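>>> I'll drop the sequence and a predicted model, then ask my questions.
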Amino acid sequence: MYGILGGTFDPPHIGHLALAATALEQLDLDVVRFVPARDPWQKTEIGVTEAHHRLAMTRLAAAESAGFVVDTIEMDRAGPTYTVDTVEAIDDRCVLILGADAAIGMPSWHRYEDLAAMVDVAVVERPGYDMNEIDAVLASSVKVLHMPTIDLSGTEIRAHVAAGRSPRFLVPDAVVAYIVAAGLYADGSAP
């Protein structure tokens, strides 16, 4: 069995890696597939860093563990990225790995009821979210992942770099090197 951890990964950070490692261990998965979104439909108004940069950074981050792989299925597809389309294309039962914030928002996702029927869902607890409410929203059995809270977001990391600070210890060292070499986020113009 494998897990899918999708996202914008702008940039991929230690919270993503910790979540993937937790899912790998607690769900006894064979592998966690990082699936970067080419055109994340819920972020069209804020914009995202170019897809090739996000893919390269995700590959560098996933190299941190033999249990992590990068799946380019959404990068290879044009148009808005919908998780249900990805799962249909994979055509295999999997575990969708989510933070509580994403899980509570699932009813807003494209064809979410179809998606919920096709996958098992694993959710990491986060402060301020009631897991009973998430169970009710998803109307299915949710596997709860337990891990230390890592309150970190790509938005915060981009702002951190734009302010002239290093993202070291927030993202893997290889991703730090990529951000510096590509000049990402430094001028504050990137989302």
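That came through, no problem. Numbering: from 1, shown residues only.

>>> quick one, strands of the protein?
2-7, 31-36, 68-70, 95-99, 120-124, 142-145 (DSSP state E).

>>> ok, and what's touching the third one?
Right, the one you point to is strand 68-70. Strand 68-70 is contacted from outside by 17, 20, 24, 31-36, 55, 58-59, 61-62, using CB atoms under 8 Å, 6 or more residues apart in numbering. Bear in mind the C-beta positions are built from the backbone N, C-alpha and C, glycine included.

>>> Columns pLDDT and neighbour count on top of these, output as CSV?
CSV is the format used below for the contacts of strand 68-70 (pLDDT from 0 to 100; neighbours: other CB atoms under 10 Å):
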residue, pLDDT, neighbour count
L17, 98, 22
A20, 98, 25
L24, 97, 21
V31, 97, 15
V32, 98, 28
R33, 97, 21
F34, 98, 25
V35, 97, 23
P36, 96, 28
L55, 98, 18
T58, 98, 27
R59, 98, 20
A61, 98, 25
A62, 98, 25
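
>>> Can you redo those residues as JSON lines, where the extra columns are distance to R126?
Listed next are the contacts of strand 68-70 as JSON lines, based on distance: CB to CB, whole Å:
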{"residue": "L17", "distance to R126": "17"}
{"residue": "A20", "distance to R126": "16"}
{"residue": "L24", "distance to R126": "19"}
{"residue": "V31", "distance to R126": "24"}
{"residue": "V32", "distance to R126": "19"}
{"residue": "R33", "distance to R126": "22"}
{"residue": "F34", "distance to R126": "20"}
{"residue": "V35", "distance to R126": "21"}
{"residue": "P36", "distance to R126": "22"}
{"residue": "L55", "distance to R126": "26"}
{"residue": "T58", "distance to R126": "22"}
{"residue": "R59", "distance to R126": "27"}
{"residue": "A61", "distance to R126": "21"}
{"residue": "A62", "distance to R126": "23"}
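
>>> May I ask which two of those residues are separated the most?
Greatest spacing in those, by CB to CB: L24 and L55 (21.2 Å).
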